[in-house]
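[1] turn this into a model:
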Amino acid sequence: MLKKNLRNKILVYRKNNYKFIIPKYHLLLGILKKFNLLEKKKFGAYFPINYEIDCLELLKQLEKSGHKISLPITRKGNKMDFFEWSSKDPLFIGKIGIPEPISKKKVYPDVLLVPLLAFNKYKFRLGYGGGYYDRYIQKTKKIKKILTIGMAFSFQEVKRLPINEHDKKLDFIFTENYIK
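    You can find the predicted model right below:
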């Protein structure tokens, strides 16, 4: 119940405040460069919905510099996989109402940009409750090393975040003001 209440509170707050905040993607690109993460060629991301941080311009920049971009396609059982996508490619509305790539070329990203509703100082996230990203991160880490970056506005940081054994800690959190 605590997670549900927190989700609702953050969704309303984000809807009312997102338009006043401009993310500084050069900060994220600087961190990626500093840690030699731009050498990673495959980036997985999300199509922004519900007033999430819009990462599409960042994806276009990465694509222009030769990186492969992928977006998720959801499946039964709250599972998903990432498939190649270009900003020039059309999208279709998937089973849960989110735009998804038409491509069927599965990709295992090196770097994964993760949407979230809330996060804490320990880099745990609260999502929408389906467990899609937690399952995907767990599955992919068994196959290869993947760097996870939560994408959020700074006001989405909370002091108390209920977590359980299924919740996966992220490597970084990017906001318009800082990177943790």
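[2] pick out the residue closest to the middle of this structure.
    residue 114 (1.6 Å; C-alpha atoms, centre = their mean).
[3] list the buried ones in the helix or strand that contains that residue?
    Assigned by DSSP states H and E, residue 114 falls within strand 111-115. Neighbour counts using 16 or more other C-beta atoms under 10 Å place 111-115 of strand 111-115 among the buried residues. (Each C-beta comes from the backbone N, C-alpha and C, glycine too.)
[4] go on, stretch 110-128?
    110-120, 123-127.
[5] tell me how far residue 166 lies from residue 125.
    Distance of residue 166 to residue 125, given as C-beta to C-beta, to the nearest Å: 12 Å.
[6] now, which of the buried residues of stretch 110-128 sits nearest residue 142?
    The shortest approach to residue 142 among the buried residues of stretch 110-128 belongs to residue 112, at 14.4 Å (C-beta to C-beta).
[7] ok, and the closest non-adjacent residue to the closest one?
    Closest residue to residue 112 apart from its sequence neighbours, by C-beta to C-beta, 6 or more residues apart in numbering: residue 44 at 4.4 Å.
[8] check contacts around that neighbour.
    Shown in contact with residue 44 (C-beta atoms under 8 Å, 6 or more residues apart in numbering): 69-72, 82, 107, 109, 111-113.
[9] residues in a beta bridge with it, which ones?
    Beta bridges link residue 44 to residue 70, residue 112, judged by DSSP bridges.
[10] would you map the helices across the chain?
    2-17, 25-34, 56-64, 132-143 (DSSP state H).
[11] let's have these in CSV, adding distance to residue 92 and mean neighbour count.
    Formatted as CSV, the helices of the chain follow (distance: least, C-beta to C-beta, whole Å; neighbours: other C-beta atoms under 10 Å):
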stretch, distance to residue 92, mean neighbour count
helix 2-17, 25, 14
helix 25-34, 27, 15
helix 56-64, 16, 16
helix 132-143, 18, 16
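[12] residue 97: which of those helices is closest?
    Closest approach to residue 97 among the helices of the chain is made by helix 132-143 (13.2 Å; C-beta to C-beta).
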